[in-house]
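1. Need coordinates for the below:
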Amino acid sequence: MSIEHIGIGTKALGLTKAVNNSNFSMKTVLTLDPFNYVDLWLRRERKEEALHYWRQSRDFHRAAQGLPIESAPLVLYYCFMNAAKALLSAKGITFDPRHGVGPHRMRGPNSKVVLSNEGIGIRPNGIVPALAGYFNEPETRRNHSLEDVLYNLIYIHRTYCLSYPKRKERFLPLKNLAFCRDSISGNVRLLAEIVEGVDWNSYKTSLPTEVEPAMDGSPSVQSVSSIQWATASRPTDAELESLQRLNSELRRVFHYINGSHTLWYLKTSGSYEIRRSPLTLTLSAMHRLSEICRYKPSELRSFLDGQKNWLLSEFVAMAAPQFLDEIACEMTGHQIMIPNVRTPV
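-> Okay, the predicted model is just below:
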């Protein structure tokens, strides 16, 4: 079997940050400010309603700068909510303007205030369920604890595992992700290598159904699903559409951390797994923290005075750049990067 990377001309193709309708033909966009780039894109595309929400999101983001953790979640939630509304509006999705998320009672009247009994409930209608519907999330449960939601977010996963040392690491670090073609059969699959120093054998037992160990026995994974391309570098429109669908399927379990270099991870299966998009989870978690800020400041103080204060601080600090990058890429379909390193065109 002879394997070759697929591409468009000299541009090699791999997973994209955008989940749906990725523009594989577009060159990588380098910008320090996704707000400005998306603003220009929305104006060019004549998405007036989405532009209104996006600019509100930008204003709330600016207002949140420098706020203490006791206040920042309230402003950040409205930043995130308006960014989500901009995405839904840009995609032509009708949504109920209600939040679509609220508290879920998990704590008894005399129970200790901890993240494991701080419940989040996703409602049938509103912005959060509309976002979940856009990503076609397979998760059927509507109620989650804040602790479990944070466990399922890659960008604070290391902080989470240091805060909860008995919890198993859920995300498998990867490198050299690429869509590759079998030159004999024409089958195209995603191939990804495991980063050195990882206990590969311990992860093998909890791989999601979307992937399997590579056939050559190396420490790497390949997608179970495949598509057909007639050639490796001259795709038809239909072949690019099939690649978009494969990318969407795989992005349910392949997550990334934003930065000048995109870091990819495979989300493994197991206990406490929530099969939802990081955008849905982040928006839901920030909404819950914003409600605690507004209505239960003493409860927020209990969290901040407790052993998990670092985890919450990291979530509030790191959620915005990650969330906004994911929204910007999803809205435009473009691969948006911070211009600190040279990236392939």
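
2. Any idea which helix or strand in this protein has the lowest mean pLDDT?
-> For the chain, counting by mean pLDDT, DSSP states H and E, helix 297-305 ranks last in confidence among helices and strands (a mean of 84).

3. Show me what that one is packed against.
-> Counting contacts by 3 or more C-beta pairs under 8 Å, 6 or more residues apart in numbering; DSSP states H and E, helix 297-305 packs against helix 278-295, helix 309-332. Every residue, glycine included, has its C-beta placed from N, CA and C.

4. Contact partners for residue 64?
-> The neighbourhood of residue 64, defined by C-beta atoms under 8 Å, 6 or more residues apart in numbering, consists of 72, 75, 76, 79, 320.

5. Check the gap between it and residue 285 for me.
-> 15 Å (C-beta to C-beta, to the nearest Å).

6. In TSV, list the contacts of residue 64 along with neighbour count and secondary structure.
-> Listed next are the contacts of residue 64 as TSV, based on neighbours: other C-beta atoms under 10 Å; DSSP: H, G, I helix; E, B strand; the rest coil:
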residue	neighbour count	secondary structure
72	24	helix
75	19	helix
76	25	helix
79	24	helix
320	20	helix
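
7. Quick check: buried residues in stretch 87-105?
-> 87, 88, 89, 90, 95, 99, 100, 101, 102, 103, 104 (16 or more other C-beta atoms under 10 Å).

8. So which of those residues are in helices?
-> 87, 88, 89, 90 (DSSP state H).

9. closest to residue 42 among those residues?
-> residue 90 (6.7 Å; C-beta to C-beta).

10. in the host helix or strand of residue 62, what's buried?
-> Element membership of residue 62 [criterion: DSSP states H and E] is helix 48-64. Under the neighbour-count criterion of 16+ other C-beta under 10 Å, helix 48-64 has 50, 51, 53, 54, 55, 56, 57, 58, 60, 61, 64 buried.

11. List the contacts of the first one.
-> This means residue 50. 42, 85, 86, 87, 89, 90, 331.

12. Quick check, the last one in contact with residue 38.
-> Yes - distance between residue 331 and residue 38: 6.1 Å, which falls inside the contact criterion (C-beta atoms under 8 Å).

13. and the least confident helix or strand of the chain, how far out from the chain's middle?
-> How far helix 297-305 lies from its chain's middle: 28 Å, per C-alpha atoms, centre = their mean, to the nearest Å.

14. quick one: contacts of it?
-> 69, 70, 113, 115, 289, 292, 293, 309, 312.

15. Give me the mean pLDDT for the helix holding residue 62.
-> Helix 48-64 shows a mean pLDDT of 98 in the predicted model.

16. how many other residues sit next to residue 300?
-> Residue neighbour count, defined by other C-beta atoms under 10 Å, stands at 21 for residue 300.

17. Relative to residue 110, how far out is it?
-> 19 Å.

18. likewise residue 218?
-> Applying C-beta to C-beta to residue 218 and residue 110 gives a distance of 54 Å.

19. More neighbours: those two, which one.
-> residue 218 (12 against 5).

20. so that one sits right up against residue 192, yeah?
-> No - using C-beta under 8 Å, residue 218 is not in contact with residue 192, being 10.9 Å away.

21. Give the ranges of residues in the protein that sit below the confidence cut-off.
-> Residue ranges of the chain with pLDDT under 70: 1, 340-345.

22. Looking at it, which residue reaches furthest from the middle?
-> residue 110 (35.7 Å; C-alpha atoms, centre = their mean).

23. That one and residue 117: what is the separation?
-> Residue 110 is 12 Å from residue 117, by C-beta to C-beta.

24. The stretch 51-200 of the chain: helices as residue ranges?
-> 72-90, 127-134, 146-151, 157-163, 200-204 (DSSP state H, counting those that start in this stretch).

25. buried sites along the third one?
-> Across helix 146-151, burial judged by 16+ other C-beta under 10 Å covers 146, 147, 148, 149, 150, 151.

26. Pull the most distant pair out of the residues you listed.
-> Maximum distance among the buried residues of helix 146-151 (C-beta to C-beta): 9.7 Å, for 146 and 151.

27. And the furthest pair within the contacts of residue 50?
-> Longest span within the contacts of residue 50, C-beta to C-beta: 42 and 85, 12.5 Å.
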